[in-house]
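> With the sequence up front, the predicted model follows.
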Amino acid sequence: PQLFERLGIDPPKGVLLHGPPGTGKTLLAKAVAAQSGVNFISIKGPALISRYVGDSEKAVRDAFRKARQAAPSVLFFDEIDALAPARGRGADSPVTERVLSQLLTEMDGVEELKGVLVIAATNRLDILDLALIRPGRFDLRLEVPLPDAGSRARIFAVHLRDVPLARDVDLAALAERAAGLGGAHIESACRRAGLLAVRRAIAGHGEAAEGLPVEVDQAVLAGVIDELRRSEGLAS
């Protein structure tokens, strides 16, 4: 904060993270709060939408009030597109219009957001209302893309670090095979491979499998990755 004061400028009020599902936008927001040592308040956008008049707007006001009381803090809105779709698209509802108005007021209203950084995440940047992403609200927009091969290998290493692996497991080869998948998909692949290894051990040894070593091999991981790629419509 002292550096901003010396420069005579205000820090960004809001940061908008956008990109495909499963790329770690929520994890990145949590990391920001943890690394800076501030309070973290997380809000799921769809959870704020209520059919009762006034409830949704009150939930938005309460979220900002809590963030101000807990300052310095990070207020994180996940799936913000559920709260702030562009007006005039033909699917407007009185609830979403009122919620959007309340959100705009809180971010750029009379009461200053001192010590509060608002971070939001969306998979649908194209449907957000333009008023929300103008200067003075979400000043900074950051794309969180799908990981490249090197990043995928590191993600595999994180999620397999405590898993007994067969000697044939090659993280670089798995990373190449997982092209087009995000971090959440890779985490799911590692979990599914572990479950398959357990099932295979039980099928082969019954209750005696509990005392035998169980490991995950390259074939199981590759099969799970191929299955996930097919489910995402990616070429095998």
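Arrived safely, thanks for sending.
> Give me the below-cutoff pLDDT ranges for the chain.
51, 53, 88-93, 109-111, 208-209, 235-236 (pLDDT under 70).
> By residue count, which helix of it is the longest?
helix 183-205 (DSSP state H).
> Show residues contacting it.
The contact list for helix 183-205 (CB atoms under 8 Å, 6 or more residues apart in numbering) reads 21-24, 27, 147, 152, 155-156, 159-160, 163, 178, 181, 209, 212, 214-217, 220-221, 223-225, 227-228, 232. Quick note: C-beta positions are derived from backbone N, CA and C, even for glycine.
> list the buried ones in stretch 167-175?
169-171, 174-175 (16 or more other CB atoms under 10 Å).
> Now go through those residues and say which are in strands.
Assigned to strands by DSSP state E, none of the buried residues of stretch 167-175 qualify.
> Apply the buried test to the contacts of helix 183-205 and list what passes.
So, by 16+ other CB under 10 Å, the buried ones in the contacts of helix 183-205 are 22-24, 147, 152, 155-156, 159-160, 163, 178, 181, 209, 216, 220-221, 224-225, 228.
> which stretch of helix or strand covers the residue most central in space within the chain?
Centroid-nearest residue in the chain, with CA atoms, centre = their mean: residue 26, separated by 2.7 Å. For residue 26, the element it lies in under DSSP states H and E is helix 25-36.
> Buried residues, that helix. List them.
25-26, 28-29, 32-33.
> related to what we said a few turns ago, what's the angle from the very next helix or strand once past the longest helix of the chain to helix 183-205?
Next in sequence after helix 183-205, counting helices and strands by DSSP H and E, comes helix 218-231. Angle, helix 218-231 to helix 183-205, by axes from the mean of the first three to the mean of the last three CA atoms, to 10 degrees: 130 degrees.
> now residue 79: how far from residue 26?
For residue 79, the distance to residue 26 equals 10 Å [CB to CB, to the nearest Å].
> what about stretch 210-219, start to end distance?
With CA to CA, to the nearest Å applied, stretch 210-219 spans 22 Å between its terminal residues.
> all helices of the chain, in order?
Under DSSP H, the chain gives helices at 2-7, 25-36, 55-69, 94-108, 149-159, 171-177, 183-205, 218-231.
> I'd say residue 146 and residue 180 touch.
Yes: between residue 146 and residue 180 there is a contact at 6.7 Å, judged by CB atoms under 8 Å.
> What residues are recorded as beta-bridge partners of residue 15?
Note on residue 15: beta-bridge partners by DSSP bridges are residue 119, residue 140.
> For it, list the residues it contacts.
Residue 15 makes contacts with 117-120, 138-142, as judged by CB under 8 Å, 6+ apart.
> residues near residue 101, how many?
Counted by other CB atoms under 10 Å, the residues lying close to residue 101 total 15.
> Begin at 21, not 1, for the rest of this chat.
Understood, numbering begins at 21; the last thing we discussed is residue 121.
> so what's it closest to, chain neighbours aside?
Excluding the flanking residues, the one nearest residue 121 by CB to CB, 6 or more residues apart in numbering is residue 77, at 7.9 Å.
> That neighbour: neighbouring residues, count only.
Residue 77: 20 neighbours (other CB under 10 Å).
> for residue 169, same thing?
13.
> what do you get for residue 117?
Neighbours around residue 117, by other CB under 10 Å: 14.
> Equivalent analysis for residue 221, please.
Residue 221: 17 surrounding residues under other CB under 10 Å.
> Now do it against residue 235, distance only.
Distance from residue 221 to residue 235, counting by CB to CB: 9 Å.
> same check, this time on residue 244
15 Å.
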